[in-house]
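Asks: Quick one: sequence and predicted model below, then my questions.
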Amino acid sequence: MNNPLDDVSGIMLVSALAVYAIAFIAFAFDLARRSAEVGVRQADAAAASTTAAQGGGVATLVRTAPPANAPTGRRRPALRTAIALTILAWALHLGADVLRGVAAGRVPWGNLYEFSMTATLLIVGVFLLSLLRTDLTFLGAPITALVLVLLGVSTVGFHVAVSPLPPALQSYWLVIHVFVATLGTAFFALAGTLAAVQLVQSHRERRAAEGRPAERLRLMATIPAADRLEATTYRIAVIGFILWTFTLIAGSIWAEHAWGRYWGWDTKEVWTFIIWVIFAGYIHARATRGWRGGRSSVLALIGFGAVLFNFGIVNVFFHGLHSYSGLK
């Protein structure tokens, strides 16, 4: 029997997906405009240099920076639209998540569909909150694309009707352990996306230093330098690691309450530990071994890849005591 609140939740979630898609287009359009402006400035500078060289004079670079009245940062119309649409989509997403919880009479992360809904909600929420402290708007397109893929696959492939929780999940640890794990996943997602951008930026800067500018990467000239991106990735990953450490400890305590042992080498437990080890190695290598730049970002990406594997493969294809977190 269908639950009316769950039906409304589904409608709101599909609406959120549609608005996220439009927001992605707006973010992509803004990035394209920024890339085009960089190209125009570079062409003008090259033309000015050529003219000065032909005339025997001193080259004067024209339009090496945007005009004083040019829309930049959050004043860009496409960017403002993209952020507004993302906030609207997040509000619809939040409504869908809350209604699912009300329909179920519990927190909305009792199975893979609900976990996916909540995890993507927190990914966007962490992204939007980060904009209050630093300009990460250049991540708008990849973040909304990631959420569209994860949420779309979950909605199509993982949706299940509201059902009672298995006995092992009927605990206050469900609220604590799973929510913190979901929040840690959101920070890892942001760190992984930043790491990918940092690798591209590092490649562009290396080519520029060698006198081989990459025209296809001229957009990267509008975002922070590679070292700044890498430092931001590290700070965000540290937050995720702290949350994941609590997740590992809380999961062990819950396992003792539910199954009478703290650790049993269940597939889900093993992959949770693997993720912790990867990010522990990442933090250790950067803090004590002096790893910076590409090597550091590759480790962060490997860690995020392990998170995605844990989310999309372990939950679906591996069976164990945590199988209830997958499809029902």
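Replies: Thanks, I have the structure now.

Asks: Can you tell me the SS state at the closest residue to residue 169 other than its chain neighbours?
Replies: Using CB to CB, 6 or more residues apart in numbering and skipping the chain neighbours, the partner closest in space to residue 169 is residue 110 (5.9 Å). To be clear about C-beta, it is placed using only N, CA and C from the backbone, and glycine gets the same treatment. Using DSSP: H, G, I helix; E, B strand; the rest coil, the structure places residue 110 in coil.

Asks: now do residue 291
Replies: With three-state DSSP as the criterion, residue 291 reads coil.

Asks: Show me where the stretch 1-150 of the chain has its helices.
Replies: 4-55, 77-104, 112-130, 140-153 (DSSP state H, counting those that start in this stretch).

Asks: ranking the ones you listed by burial, who's on top?
Replies: Highest mean neighbour count among the helices of the stretch 1-150 of the chain (mean count of other CB atoms under 10 Å): helix 112-130, with a mean of 22.

Asks: Output the below-cut-off pLDDT ranges for the stretch 101-250 of the chain.
Replies: Applying pLDDT under 70 to the stretch 101-250 of the chain flags residues 212-217.

Asks: just to revisit the earlier point, for residue 245, which of the helices of the stretch 1-150 of the chain is the nearest?
Replies: Across these, residue 245 has its closest neighbour in helix 112-130 (17.6 Å, CB to CB).

Asks: Now do that closest one: distance to the chain's middle.
Replies: When distances are taken as CA atoms, centre = their mean, to the nearest Å, helix 112-130 is centred 9 Å away from the chain's centroid.

Asks: Mind giving me the packing neighbours of it?
Replies: Contacts defined by 3 or more CB pairs under 8 Å, 6 or more residues apart in numbering; DSSP states H and E place helix 112-130 against helix 77-104, helix 140-153, helix 179-209.

Asks: go again using 10 Å as the cut-off
Replies: helix 4-55, helix 77-104, helix 140-153, helix 179-209, helix 226-259, helix 315-317 (3 or more CB pairs under 10 Å, 6 or more residues apart in numbering; DSSP states H and E).

Asks: just the angle between the next helix or strand after the fifth one and helix 179-209, please?
Replies: Secondary structure here is assigned by DSSP states H and E; on that basis, the next helix or strand after helix 226-259 toward the C-terminus is helix 267-288. Angle between the axes of helix 267-288 and helix 179-209 is 40 degrees (criterion: axes from the mean of the first three to the mean of the last three CA atoms, to 10 degrees).

Asks: Helix 267-288: what's the following helix or strand?
Replies: Going down the chain from helix 267-288, the next helix or strand is helix 294-309, by DSSP H and E.

Asks: Give me the average confidence score over that following helix.
Replies: On average, the pLDDT along helix 294-309 is 91.

Asks: likewise stretch 253-268?
Replies: Average pLDDT, stretch 253-268: 84.

Asks: nearest residue to residue 21 other than its sequence neighbours?
Replies: Nearest to residue 21 is residue 148, by CB to CB, 6+ apart, at 6.1 Å.

Asks: what about the nearest residue to residue 200 once chain neighbours are set aside, how many neighbours?
Replies: Computed as CB to CB, 6+ apart, the closest residue to residue 200 that is not its neighbour in sequence is residue 220, at 6.2 Å. Other residues lying near residue 220 total 23 when counted by other CB atoms under 10 Å.

Asks: circling back: residue 300: which of the helices and strands packed on helix 112-130 is closest?
Replies: With CB to CB as the criterion, residue 300 lies closest to helix 179-209 of the helices and strands packed on helix 112-130, at 4.0 Å.

Asks: returning to that earlier point: so who does the residue nearest to residue 200 touch?
Replies: 35, 38, 138, 197, 200-205, 208, 214, 226, 229 (CB atoms under 10 Å, 6 or more residues apart in numbering).

Asks: again with residue 133
Replies: So residue 133 contacts nothing (CB under 10 Å, 6+ apart).

Asks: how about it, phi and psi?
Replies: Main-chain torsions, residue 133, degrees, to the nearest 10: phi -110, psi -30.

Asks: Relative to residue 127, how far out is it?
Replies: Distance of residue 133 to residue 127, computed by CB to CB, to the nearest Å: 12 Å.

Asks: need the helices of the stretch 1-150 of the chain in TSV with distance to residue 192, can you?
Replies: Listed next are the helices of the stretch 1-150 of the chain as TSV, based on distance: least, CB to CB, whole Å:
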stretch	distance to residue 192
helix 4-55	18
helix 77-104	19
helix 112-130	10
helix 140-153	9
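
Asks: The residue lying closest to residue 145 once chain neighbours are set aside: what's it in contact with?
Replies: Once flanking residues are discounted, residue 145 sits nearest to residue 24: 5.7 Å by CB to CB, 6+ apart. Going by CB under 10 Å, 6+ apart, residue 24 touches 82, 85-86, 89, 140-148.

Asks: rerun at 8 Å
Replies: Contact partners of residue 24, counting by CB atoms under 8 Å, 6 or more residues apart in numbering, are 140-141, 144-145, 148.

Asks: if we take the residues you listed, which one ends up nearest to residue 157?
Replies: Of the contacts of residue 24, the one sitting nearest to residue 157 (CB to CB) turns out to be residue 148, at 14.2 Å.
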